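S.K.: Below are the sequence and a predicted model for it; my questions follow.
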Amino acid sequence: MNNPQKLFVAALMSVAVMTSCMREQSVRAAVKDSKTRKAAPDFSLKDVNGKVVKLSDYKGKVVLLNFWATWCGPCKIEIPWFKEFETTYKNQGFAVLGVAMDDDGWEAVKPYLTDKQVNYRVVVGNEQVSQLYGDVESLPTTFVIDREGRIASMHIGLVSKGDYATEIKQLLTGDKPVSATAAGY
Amino acid sequence: MTLNPPMSVMGKRGTTVAAKVQARLREGYHCNSNTPSDEYLIPLKLTWTAPGALQVADVKYPKPSMEKYAFSDKPLSVFSGVFDIVTEFKIPADAKPGQTTVAGKVKYQACDDRACYPPKTLDVQFPVIVE
């Protein structure tokens, strides 16, 4: 390999390392610094069994709070990921909580949950909870909440499974940075 | 979405007239067609709630596009850009001559390439002159 070729390869490797570092930083940056996180507004909604669910019931757990609807295509892509997260991280103090924004309420949502075999808790949302979370209109809109009940990150629209996994692992391990590969994605 | 109904429609008693409602979606957005590819998706639908002196014979939707998006496993049946919905109205032979107003609603649900927005209903109306 001659000198120009060596220089080219070295430059390529530098770019690859920089890109990898930037990606690490960008994933870490998606989770807010713990000092700047704001409290996730508490709410009280009912699940499919009519039981009242409060967000404050989850204090001490990392929560993925997902606003979705049965008519939302991107939401359908995320649901299998969230089912997997619920199973994988449940014993580490993690939970997914879905907030369905269907106008038809349980009439639309209940059969969908059965059809998709959703294994995490889902409540039907309303205008009030939407307003509490900044007037949620785009779906999916997802908040990842730390063990202290503070919003660590917010995502509007479809994001990657890996990004969610990295954030969840980071918060489960007490805000220690975790690479996407370490998260298993 | 914005709707552009006809300025007016004129027709004789005992005949059929066609009225075109032009729909326009902002660039970057699409809505489900009237025949979406998944049972959970909300179709676009034009309903004439107050046809006045007229009778709705048929509502014709354009041919949808089958588009693949990052968030869908399979192509979706959608409308985007500018498209027309044409309604055929029958004017009964015993309809009263003069001007009347036909009113209806268009329900649709739109998405961009990453997120979806709640279903919306828009009002549409136009004058009809029965001769």
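M.R.: Sure, I can see it. Numbers count the residues shown, from 1 in each chain, chains lettered A, B, ... in the order given.
S.K.: what does chain B have sitting close to chain A?
M.R.: If contacts are counted using CB under 8 Å from any CB of the partner chain, the residues of chain B sitting beside chain A are B:38, B:40-42, B:69-73, B:76, B:109, B:111-112, B:114-119. Quick note: C-beta positions are derived from backbone N, CA and C, even for glycine.
S.K.: If we use 10 Å, what do you get?
M.R.: Where proximity means CB under 10 Å from any CB of the partner chain, the interface of chain B facing chain A comprises B:32, B:36-42, B:69-73, B:76, B:109, B:111-119.
S.K.: Looking at those residues, which are in strands?
M.R.: When these are checked against strands (DSSP state E), the matches are B:32, B:76, B:111.
S.K.: so, if you compare these, which one comes nearest to residue A:126?
M.R.: Ranking these by separation from residue A:126, with CB to CB as the measure, puts residue B:111 on top at 22.3 Å.
S.K.: Test my guess that the closest one contacts residue A:138.
M.R.: Yes: contact criterion CB atoms under 10 Å: residue B:111 and residue A:138 qualify, at 9.2 Å.
S.K.: Pull up the overlap in contacts between those two.
M.R.: Here residue B:111 and residue A:138 have A:72, A:74, A:157, B:117 as joint contacts, going by CB atoms under 10 Å, 6 or more residues apart in numbering or on different chains.
S.K.: Please identify, among the residues you listed, the one with the most neighbours.
M.R.: Of the shared contacts of residue B:111 and residue A:138, residue A:72 is surrounded by the most neighbours, 29 neighbours in total, counting by other CB atoms under 10 Å in any protein chain shown.
S.K.: and that residue, what is it in contact with?
M.R.: Residue A:72 neighbours (CB under 10 Å, 6+ apart): A:78-79, A:100-102, A:138-140, A:158, B:40-42, B:71, B:109, B:111, B:115-118.
S.K.: Restrict the helix or strand harbouring residue B:101 to CA atoms and write it as PDB.
M.R.: Element membership for residue B:101 (DSSP states H and E) is strand B:98-108. Listed next in PDB are the C-alpha coordinates belonging to strand B:98-108 (Å, rounded to 0.1, in the frame of the first residue of the first chain):
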ATOM      1  CA  GLY B  98     -85.000  27.200  -7.600                       C
ATOM      2  CA  GLN B  99     -81.800  27.300  -5.600                       C
ATOM      3  CA  THR B 100     -80.900  25.000  -2.900                       C
ATOM      4  CA  THR B 101     -77.800  24.100  -0.900                       C
ATOM      5  CA  VAL B 102     -76.200  20.700  -0.800                       C
ATOM      6  CA  ALA B 103     -74.100  20.000   2.300                       C
ATOM      7  CA  GLY B 104     -71.800  17.200   3.300                       C
ATOM      8  CA  LYS B 105     -68.700  16.200   5.200                       C
ATOM      9  CA  VAL B 106     -65.400  14.600   4.300                       C
ATOM     10  CA  LYS B 107     -63.700  12.500   7.000                       C
ATOM     11  CA  TYR B 108     -60.000  11.600   6.500                       C
END
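S.K.: Buried ones in it, by neighbour count?
M.R.: Neighbour-count burial for strand B:98-108 flags B:100, B:102, B:104-106, B:108 (criterion: 16 or more other CB atoms under 10 Å in any protein chain shown).
S.K.: Same question for stretch B:110-126.
M.R.: By neighbour count, with 16+ other CB under 10 Å as the criterion, the buried positions of stretch B:110-126 are B:110-112, B:114-119, B:124-126.
S.K.: Same question for stretch B:20-35.
M.R.: Neighbour-count burial for stretch B:20-35, counted by 16+ other CB under 10 Å, picks out B:21, B:23, B:25, B:30-34.
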